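1. The sequence isn't on hand, but the structure is:
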């Protein structure tokens, strides 16, 4: 990979010579502008507006336009002698947890390659320190005419650097969120969670650019003098007015695409029969009410019968107890009367 910047990483008093190379590449298909009449290329020529002639790249330099329109020439030598410590150095200023970096600040990605054998030891030291601390390094560097922020992190056995936007370059999300009050209920959230679980995770290496492949097919067909492939007609679908139904259908479609049984999703989709049964609920409630009334009456009758039986039993017990008490009292009195004279007679005899 060709380096686009040579310098060093400043890690305290440690200096690590490195080369910066692009970590990403674009595979998008580019088109040329042509003249529709004869297919000729449309080119842009760089013309000086003062002498009205085309100039080459060697004759072109940089210039800053002042507020009054005056052009101030700026040479590469002027920029090379900027009083910045980051002109040829990636200066690490802090180490922070990775989750402290908002993805909105992410910009271009680069790999930092070792700049010679002497840099292997300090390069490895920084890499292992980042691994063990589970942090990323925040750095400042100058590239392509301006100073930038960067985030250094470990990717495999290499150190990668992500360009970061300055805080004032990220806009506040004003006027982006809905300005009307919206309420989301628990059932909708449950269905959204079910859809997320059904879609699950995916390996990013399995994804590919289908648009680019389709464009390549069109180009190949036209080059071969054939008709370009026709796109299939999209499935006709009406406007979705019910969010719950849309979520349920999404869960079912996701399960079907993965070859799973969408039984639960289908059971959730059938909502109309439940509404009909809910309308017929008053009749069923009335039936249940009459049945409950009958059961209550039966319970009252049984309770009355039990009370009367209990009273009768208690009365019989009381009568029996009274008669038993009377008979016991009489028999006791008689036996006492009989025993008393015998004792008196015996005492008289002994006295005589």
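-> Arrived safely. Given the structure is predicted, the values throughout are model-derived calculations rather than measurements. Numbers count the residues shown, from 1 in each chain.

2. secondary structure class for the residue most central in space within the chain?
-> For the chain, the residue lying nearest the average C-alpha position, counting by Cα atoms, centre = their mean, turns out to be residue 196 (7.7 Å). Under DSSP: H, G, I helix; E, B strand; the rest coil, the three-state class of residue 196 is helix.

3. For the protein, which segments count as strands?
-> For the chain, the strands defined by DSSP state E occupy 3-11, 14-22, 47-48, 53-54, 62-65, 71-74, 89-97, 106-114, 135-143, 146-155, 158-164.

4. mind checking how far the third one is from the chain centre?
-> Right, strand 47-48. Using Cα atoms, centre = their mean, to the nearest Å, the mean C-alpha position of strand 47-48 is found 54 Å from that of the whole chain.

5. tally of neighbours for residue 88?
-> Look at residue 88: counted by other Cβ atoms under 10 Å, it has 14 neighbours. Placement of C-beta: from N, CA and C, glycine included.

6. typo on my end, it should be residue 101
-> A count of nearby residues for residue 101, using other Cβ under 10 Å, gives 16.

7. Enumerate every residue touching the closest residue to it other than its chain neighbours.
-> Ranked by Cβ to Cβ, 6 or more residues apart in numbering and with sequence neighbours excluded, the top spatial neighbour of residue 101 is residue 151, at 5.8 Å. Contact analysis of residue 151 by Cβ atoms under 8 Å, 6 or more residues apart in numbering lists 101, 106, 136-139, 161-162, 164.

8. For residue 151, name its beta-bridge partners.
-> Residue 151 has these beta-bridge partners by DSSP bridges: residue 138, residue 162.

9. Please report how far it lies from residue 139.
-> Using Cβ to Cβ, to the nearest Å, one obtains 8 Å as the distance from residue 151 to residue 139.

10. okay, and the common contacts of these two?
-> Taking Cβ under 8 Å, 6+ apart as the contact rule, the neighbours common to residue 151 and residue 139 are residue 161.

11. before we move on, back to that, output the strands of the chain in CSV; the columns should cover distance to residue 223 and mean pLDDT.
-> Formatted as CSV, the entries for these read as follows, by distance: least, Cβ to Cβ, whole Å; pLDDT from 0 to 100:
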stretch, distance to residue 223, mean pLDDT
strand 3-11, 34, 88
strand 14-22, 30, 91
strand 47-48, 34, 94
strand 53-54, 33, 94
strand 62-65, 41, 92
strand 71-74, 46, 92
strand 89-97, 46, 93
strand 106-114, 34, 93
strand 135-143, 39, 92
strand 146-155, 39, 93
strand 158-164, 38, 96
